[in-house]
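1. Prediction below, plus the sequence it came from.
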Amino acid sequence: MSAHGGGKAILAAFIANMGIAVAKFIGWLLSGSASMLAEAVHSVADSSNQVLLFLGGRKAKREADREHPFGYGRERYVYAFVVGIILFSVGGLFSVYEGVEKLTHPHEISGTWWWLPIVILVVAIGLETYSLRTAVKEANGVRTRGQSWWQFIRRSRSPELPVLLLEDSGALLGLVFALAGVSLTVITGNPVFDALGTLAIGLLLIVIAIVVGVEMKSLLVGEGATSAQLDQIITAIESGDEVEKLIHIKTLYVGPEELMVAAKIGLPVEKPLGAVARDIDEVEQRIRAAVPDARIVYLEPDVFRRVEGEKPTTEAFVFPSSD
């Protein structure tokens with residue numbers, strides 16, 4: 001997996017969640033805590049999500065072929081979208097169902113093992129904190145200076161790290177909800193608090209799943225370069241003396257780290273074909289140097305003709321960025 005794919009963060013999250021899931025299931029079986037069951041299912045869902053993210057990264061490495069001439073980079077978006085569905089259904093809806101069930105049919109936590117869920121949850125919080133720390137460390141390696149975490153999640157064209165950040169943050173907050181619910185139930189003897197903790201976990205997962213789903217849908221439909229990247233590309237095209245006018249430009253991410261740039265550029269009418277070809281090569285090199293993700297570049301030469309009475313302008317026709 002690429003450096004942007006968060007391979008270390010995925011592995012750390014998978015190991016942590018598998019260990020936590022086993023411990024939570026044991027805690028649920030011995031104590032009967034609804035919050036523990038919800039958290040156990042949550043950890044299983046998270047573990048399967050990490051497998052899906054890793055699998056998507058592997059499949060995306062396949063070489064381009066006749067059927068998929070731009071490669072399989074978007075496979076990573078597909079698998080990340082499936083992660084959102086699993087979070088919503090397996091994690092969120094199950095936890096909400098379990099919480100409602102425990103509200104209508106209260107079940108006290110076993111007196112003998114009342115301490116076990118608390119110990120497991122405290123240890124799980126430590127492991128999830130390590131997993132989140134790993135994801136944050138990897139994200140800081142690709143997050144631009146001054147960019148907020150929400151902006152990083154919204155603008156990143158690589159799906160793995162934003163998904164892991166949301167998933168690990170939700171898991172950590174869910175553990176806090178579970179710990180609060182179990183602790184209040186043990187202290188007061190009222191199982192309603194345990195059920196409310198389960199409901200809070202479910203609603204949290206549903207919100208995170210919706211955010212993941214919306215972001216991945218946008219990437220699947222097709223997003224262009226960020227505003228900063230687009231400005232850099234336009235500057236690269238116009239910085240030399242080859243181009244008289246940037247007439248039209250479109251960009252599209254065909255994979256998380258593979259940006260396609262298509263532009264129509266106005267060149268002097270008197271230039272011979274050989275000189276035009278050399279100019280296009282020069283412009284392509286500047287674009288790739290400015291934005292390394294711009295791996296596919298198509299430049300269409302044209303003769304720019306200014307309409308009589310038209311005011312001079314340096315602005316190209318571009319689509320507004322979603323940023």
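-> Nice, I can see it.

2. domain parsing for this structure?
-> Domain segmentation of the chain under automatic domain parsing yields 3-221, 227-303.

3. out of the ones you listed, deepest packed?
-> domain 3-221 (a mean of 20; mean count of other CB atoms under 10 Å). For the C-beta atoms, the positions are set from N, CA and C on the backbone; glycine is no exception.

4. Can you redo the domains of the chain as TSV, where the extra columns are mean pLDDT?
-> Shown next, in TSV, are those (pLDDT from 0 to 100):
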stretch	mean pLDDT
domain 3-221	85
domain 227-303	92
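
5. where along this protein do the strands fall?
-> Using DSSP state E, the strands assigned to the chain run over residues 245-255, 258-267, 294-303.

6. Adding distance to residue 97 as columns, could you present those in JSON lines?
-> Output for the strands of the chain, formatted as JSON lines (distance: least, CB to CB, whole Å):
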{"stretch": "strand 245-255", "distance to residue 97": "37"}
{"stretch": "strand 258-267", "distance to residue 97": "41"}
{"stretch": "strand 294-303", "distance to residue 97": "46"}
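
7. Who does residue 258 form a beta bridge with?
-> Beta-bridge pairing of residue 258 under DSSP bridges involves residue 255.

8. from memory it sits against residue 291, does it?
-> No - contact between residue 258 and residue 291 fails when scored by CB atoms under 8 Å: they sit 11.4 Å apart.

9. Contacts for stretch 194-202 next, please.
-> Taking contacts as CB atoms under 8 Å, 6 or more residues apart in numbering, the residues outside stretch 194-202 that touch it are 33-35, 37-39, 42, 91-100, 102-103, 106, 109, 174, 177-178, 180-182, 184-185.

10. if you look at those, which of them are in helices?
-> Members of the contacts of stretch 194-202 lying in helices (criterion: DSSP state H): 34-35, 37-39, 42, 94-100, 102-103, 174, 177-178, 180-182, 184-185.

11. To residue 25, which of the strands of the chain lies closest?
-> For these, distance to residue 25 was read as CB to CB. The smallest value, 37.9 Å, belongs to strand 245-255.

12. Alpha carbons of the closest one, in CSV - could you do that?
-> As requested, C-alpha coordinates have been extracted for strand 245-255 and formatted as CSV (Å, rounded to 0.1, in the frame of the first residue of the first chain):
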residue,chain,number,x,y,z
LYS,A,245,-3.7,31.6,-23.2
LEU,A,246,-5.1,28.8,-21.1
ILE,A,247,-8.5,28.3,-22.7
HIS,A,248,-10.0,25.5,-20.8
ILE,A,249,-9.0,23.0,-18.1
LYS,A,250,-10.6,20.0,-16.3
THR,A,251,-9.2,17.7,-13.7
LEU,A,252,-10.3,14.4,-12.3
TYR,A,253,-8.9,11.9,-9.7
VAL,A,254,-9.0,8.5,-11.4
GLY,A,255,-7.4,7.0,-8.3
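
13. If anything else comes up later, I'll come back, but that's it for now.
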